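Asks: Give me the fold of what follows.
(chains A, B, C and D)
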Protein chains: 2
Amino acid sequence: MKADHILQTAVGHFAKEGFEGASLSKIAEEVGIKKPSIYAHYKGKDDLFLSALQYSLNTQKSHLAAYFNSVRDEPLESILYGYFNWFAKESQDNERMNFILRVAYFPPLRLEKEVGEFFNPFFDSMHRHLTRLLRERDRQEKVLHSEDFSNAALAYLTVTEGTMTELVYSGMDRYESRLQAVWPIFWRGLRK
Amino acid sequence: MKADHILQTAVGHFAKEGFEGASLSKIAEEVGIKKPSIYAHYKGKDDLFLSALQYSLNTQKSHLAAYFNSVRDEPLESILYGYFNWFAKESQDNERMNFILRVAYFPPLRLEKEVGEFFNPFFDSMHRHLTRLLRERDRQEKVLHSEDFSNAALAYLTVTEGTMTELVYSGMDRYESRLQAVWPIFWRGLRK
DNA sequence: TTTCACCTTCCTAACGGTCGTTAGGATATA
DNA sequence: TATATCCTAACGACCGTTAGGAAGGTGAAA
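Replies: Residues are numbered from 1 along each chain as shown, chains lettered A, B, ... in the order given. The predicted model follows:
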């Protein structure tokens, strides 16, 4: 489908150049069509952008669910630590993660409200999911220091986002060394 | 000085709209001059942007030094935790921090090299400074669990950047709750 | 003290270029 | 026949930038 091809290409351009920096001409050129042809599939730049965002968040959501499902029998530490490697690999494969992070932190001002309405449920469900995971796993493993699972989940999310942004900013090497630095300390603070 | 007024205004615009999104017309309008008058003070948009970045990093550097100097007799935990509150207040006062973070993570592609040459020394000196602080303070307090001060500093930087980006993205309220969640865990992992 | 050249700062006007978007028509598909 | 997809052409708006000149201040020469 051509509409999908346009959308995939747009994700890459929005990720690298931002909303204002990305241009419909260049997106069309990479797809192999002319600029006005985009309007046969999307109402305009805003529509393309929000479609790309919705698609990216949905894809991310289902990939996330698949990851957590695939490791559900492993020990809690493996699950939490493995997640870092998982999204490092994910963000190498394509630019969806990069796009999501950029839009999350620096949305186009005009679309701030719409963007927030996509993101807040996403983060909230992430937070809820993690809280439940910690609670259920701790019932079996009795490995966590505190029973405030909600705050532990929030702290974990903060650390993942800190390292994720590092990955986006300065690449895999510095990301790896940050992860090696932060994980032992953080896990030591988390466990019994 | 008018050049300074232009620069200060530009920092705010670049922070909110990004490099591509910011427009010289609007900057000039807010300053109270016409667009071409900017060219009496700066060679062009690139020059204004890089000047704003250099100014912001220098200011940030000296504010940072002043903070760490003002708390140098407090216990290590106060210094480290107090830093979170310090930069929260700093970023409320003006948009310099916001501008710095945005440029760090998503520089204009064309100026990526120049931007990196400003940032890498900044982060490296931050890392060195923190490593030394941890080592010297631990010699007195014997409070840290590990003697790998360099990695501890890197981990601390990761956590601060994670919460900082949260501050930029979703404001003071969510920042506070993230900080309350992450600090006890992180400090527990760091101390003896 | 006056004059004159120079420099800075700001202006209006306009440049070429790119932007997102629309109109209208060709072609193929159903 | 109707609909979807692509095209060329062109729209108005805004972009960063430059040309050229007015106003004002500075400082040296007459």
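
Asks: What residues does chain A have near DNA strand D?
Replies: By the rule C-beta under 7 Å from any atom of the strand, the part of chain A lying against DNA strand D is A:2, A:3, A:28, A:33, A:34, A:35, A:36, A:37, A:39, A:40, A:41. Where C-beta positions appear, they are placed from N, C-alpha and C, glycine not excepted.

Asks: Residues contacting stretch A:24-40, please?
Replies: Residues outside stretch A:24-40 that contact it (C-beta atoms under 8 Å, 6 or more residues apart in numbering or on different chains): A:2, A:5, A:6, A:9, A:10, A:13, A:45, A:48.

Asks: Let me know the closest of those residues to residue B:157.
Replies: The closest of the contacts of stretch A:24-40 to residue B:157 turns out to be residue A:13 (C-beta to C-beta; 30.9 Å).

Asks: What number of residues are in the vicinity of the closest one?
Replies: Burial of residue A:13 is recorded as 21 neighbouring residues (other C-beta atoms under 10 Å in any protein chain shown).

Asks: now the helices for chain A?
Replies: Taking DSSP state H, the helices of chain A run over residues A:2-21, A:24-31, A:45-70, A:76-93, A:96-105, A:112-141, A:149-190.

Asks: circling back to that earlier point, can I get the buried part of the contacts of stretch A:24-40 as one ChimeraX selection?
Replies: ChimeraX command restricting the contacts of stretch A:24-40 to the buried ones, with burial defined by 16 or more other C-beta atoms under 10 Å in any protein chain shown:
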select /A:6,9,10,13,45,48
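
Asks: Can you give me the buried ones in stretch A:110-121?
Replies: So for stretch A:110-121, counting by 16+ other C-beta under 10 Å, buried means A:111, A:114, A:115, A:118, A:119.

Asks: wait, stretch A:78-94
Replies: Under 16+ other C-beta under 10 Å, the buried positions of stretch A:78-94 are A:79, A:80, A:81, A:83, A:84, A:86, A:87, A:88, A:90, A:91.

Asks: Centre of the chain to that stretch, how far?
Replies: Its chain's C-alpha centre and that of stretch A:78-94 lie 10 Å apart, by C-alpha atoms, centre = their mean, to the nearest Å.

Asks: Just the residues contacting that stretch, thanks.
Replies: If you take C-beta under 8 Å, 6+ apart as the criterion, stretch A:78-94 is touched by A:11-12, A:63, A:67-68, A:71-72, A:74, A:96-98, A:133, A:137, A:156, A:160, A:163-164, A:167-168, A:172, A:175, A:179, A:183, A:187.

Asks: One more pass at 6 Å, please.
Replies: Outside stretch A:78-94, the residues that touch it by C-beta atoms under 6 Å, 6 or more residues apart in numbering or on different chains are A:67, A:71, A:97, A:179.

Asks: what's around residue A:24, how many residues?
Replies: 19.

Asks: so what's it scoring on pLDDT?
Replies: Here the pLDDT value assigned to residue A:24 is 98.

Asks: how near is it to residue B:67?
Replies: Look at residue A:24 and residue B:67: by C-beta to C-beta, to the nearest Å, they are 46 Å apart.

Asks: Out of the buried residues of stretch A:78-94, which comes closest to DNA strand C?
Replies: Among the buried residues of stretch A:78-94, residue A:91 lies closest to DNA strand C (C-beta to the nearest atom of the strand), at 24.8 Å.

Asks: give me every residue that touches residue A:56.
Replies: Residue A:56 makes contacts with A:96, A:99, A:100, as judged by C-beta under 6 Å, 6+ apart.

Asks: Mind doing that once more with 8 Å?
Replies: Residues in contact with residue A:56 (C-beta under 8 Å, 6+ apart) are A:11, A:96, A:99, A:100.

Asks: backbone phi and psi for residue A:75, please?
Replies: Dihedral angles of residue A:75 (phi, psi; degrees, to the nearest 10) stand at phi -60, psi 160.
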